[in-house]
Every structure is written in C-alpha cells, then in structure tokens.
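Chemist: One predicted model, sequence on top.
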Amino acid sequence: MPLPPLITGQVAAITGGLTGIGRGIAVLFLSHGASVAINYLPSHNADEDKLLSSLRTEAFDAIKSRNPSATLQNLEDVPLLTVPGDVSQPEAGQELVAQTVARFGRLDTFVSNAGICKFEEFLEISPTSYQRHIDTNLSGAFYAVQAAAQQMTKQEPQGGSIIGISSISALVGGAQQCHYTPTKAGILSLMQSTATALGKYNIRCNALLPGTIRTQLNDEDLRDDSDKKTYMEGRIPLGRLGRPDDLAGPALFLAAGELSSYVTGAAILVDGGAFVNFQ
Ligand code: RM4
C-alpha cells in the first residue's frame, strides 16, 4: 500500500529539479500533494524539452497512482512550475522564489540541490573549473537559500523547511573532486549556520548527505563496465548504488513538519551504509 499524500497543500521549490536527485524529489513531493516549482539551467541538457514534458507526465502518473481520486484531468493540471535560471547568479534564486510565490502563494519547503561535478585530477584543475564549481554549488546554494529564507520569514504563517543537498564527500573527500568536495562541506556548514540563524523564524535547515547516487554527474565515472562502479557497489552494505528516488523520501521527511518539527541543523547520511563500511 503506498503512503497517503503527506504534504497536501504545501508549496515547495527545488533548484536543479529537471534531472537527477532534484527531479526525484520534485516527483515525490508532487505525488504527496505539494505544488512544486523547479529551477533548471536552460540549454544545459540537449533533450531539455523532452525532460520538461516527461517530468510533467511522470508527476501526473505519480499523483494518480498515490491518490486515484485526485481531481486533475490533464497534464496542465499538475501543479508544477518550471523556472529557467543559472543559480550561480544571485537573481536566479530570487526569481525562483518570486515566481513560486506569485503562482502558489507561499513557500513551505526549499530544496537547494543544483550542482555540478566534473571529475578531474587535482593537478590539472583550472582556475575556471574551480571557480565554476564554487559559483554553482556553494555560492548558488547561498543565494538561493537566502532568497528562500527571506520569503519564509515574511510570510504568514512564518517559517518553513530548507534542505541543502550536500554529500558523503563533505565528510570524506574524493581524489578527483578537490574542487567539488569543499563545496559540499560548505553546504553542510551553510545548513548548520542557517539553522542557527533562522530558528527564531520557525525555519528548519538540514543537510542531506547522499552517498553515490547514479545521476548524470557520474555518467562517465560510473559507467556500467567500470572498475569503479564494481568497487563502489562492493562496499555498499545495501549492495547497490543509490537512485535519485532514494533521496526523495528523506527530503519528504524533512518537508513534512508533522514528522520532523524538531529536526534542524541535522546532517542526514543517505548512502546505503557506505560510510560505516568505509574502512
Ligand atoms: C558525490 C559523491 C559521489 C559522486 C558524486 C558526483 O557527492 O562523491 O561518489 O558520484 O558526488
């Protein structure tokens, strides 16, 4: 039996919601009765139009399958807003939040998810590549979270839940990720500090630390015949790499105030047990 809808009437916004973890979260939130706005980097995916329309279809099916009596008739009824923007620019977070509120009236849950990772040897990382990782992953999270918090403090009722998608690599590093892992450690730190700063406004801030989730970020690094894929699978107690859906449940828990009302400043590992198996 699927769970009944848990966040009916909530409004959520997610950066980087067109693919990977952000998309998984968007679909689950929609199926649980939320209205969802996603940000995505325009012209980044060759099949952008297809990704946009299939997201709506997936969400429609997910809503219907969780709640067969849902009133939506056609795809346009899916309460999904798609907002193009480059999160490395402060305006993108502001725009996402403004459009979310204009369409859906408020903002209950904000997921800062957009991120990039180009696997590169440390000795060869160019200043441009380094800066791009910092700008997108860390500065992007900062700007977007600030925009979300500004909205959550001024709405009635005040408050909300902010979720930063960090990584297991915030804790352990990664040889070809010397420009990336510091950004993920930064997101964890950002969530701890914003939890401290925003508790008085009834805003909870938490970090999810995924282990290795199979997304387009690691298409090449973890291709099917690679030794690394075999190695990674071998050291995960649950025996498989993560899927975007594996992150969506923990995000739902943090969105559902009834389940997580006293959870803030937390770092939640979602890694199939990989971290405990690290030695
Ligand atoms: C993660 C972690 C994974 C890697 C992705 C791209 O944070 O390091 O192993 O596949 O990044």
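Modeler: Sure, I can see it.
Chemist: Does the one helix or strand Ile21 maps to reach the ligand?
Modeler: For Ile21, the enclosing helix or strand under DSSP states H and E is helix 20-31. No - using C-beta under 6 Å from any ligand atom, helix 20-31 stays clear of the ligand, with a minimum separation of 9.5 Å. The way it works is simple: take the backbone N, C-alpha and C, and place the C-beta from them, glycine included.
Chemist: is it true that Pro68 lies in a helix?
Modeler: No - applying DSSP: H, G, I helix; E, B strand; the rest coil, one finds Pro68 to be coil, outside a helix.
Chemist: and it, what are its phi and psi?
Modeler: phi -60, psi -20 (degrees, to the nearest 10).
Chemist: Ile213 too?
Modeler: Residue torsions, per degrees, to the nearest 10, at Ile213 are phi -100, psi 130.
Chemist: give me the beta-bridge partners of it?
Modeler: Gly242 (DSSP bridges).
Chemist: before we move on, the earlier item: what's the following helix or strand after the helix holding Ile21?
Modeler: Following helix 20-31 in sequence, per DSSP H and E, is strand 35-40.
Chemist: Who does that following strand pair with, and is each partner parallel or antiparallel?
Modeler: Going by DSSP bridges, the partners of strand 35-40 are strand 11-14 (parallel), strand 80-84 (parallel).
Chemist: and the ligand, which of those strands is closest to it?
Modeler: strand 11-14 (17.5 Å; C-beta to the nearest ligand atom).
Chemist: Quick one: mean pLDDT for that closest one?
Modeler: Strand 11-14 comes out with an average pLDDT of 98.
Chemist: How far off centre is it?
Modeler: 10 Å (C-alpha atoms, centre = their mean, to the nearest Å).
Chemist: same question, stretch 122-139
Modeler: Distance, centroid of stretch 122-139 to centroid of chain: 20 Å (C-alpha atoms, centre = their mean).
Chemist: Please enumerate residues in contact with the helix or strand of the chain with the lowest mean pLDDT?
Modeler: When the helices and strands of the chain are compared on mean pLDDT, DSSP states H and E, helix 227-234 comes out lowest with a mean of 91. Contacts with helix 227-234, where a contact means C-beta atoms under 8 Å, 6 or more residues apart in numbering, come from 212, 221-223, 239-241, 274.
Chemist: What residue in this protein comes nearest to the ligand?
Modeler: For the chain, C-beta to the nearest ligand atom, closest residue to the ligand: Ser167, 3.1 Å.
Chemist: For burial, what's the neighbour tally of the residue nearest to that residue when sequence neighbours are not counted?
Modeler: Excluding its sequence neighbours, the residue lying closest to Ser167 (C-beta to C-beta, 6 or more residues apart in numbering) is Lys184, at 4.0 Å. Neighbour count for Lys184, taken as other C-beta atoms under 10 Å: 29.
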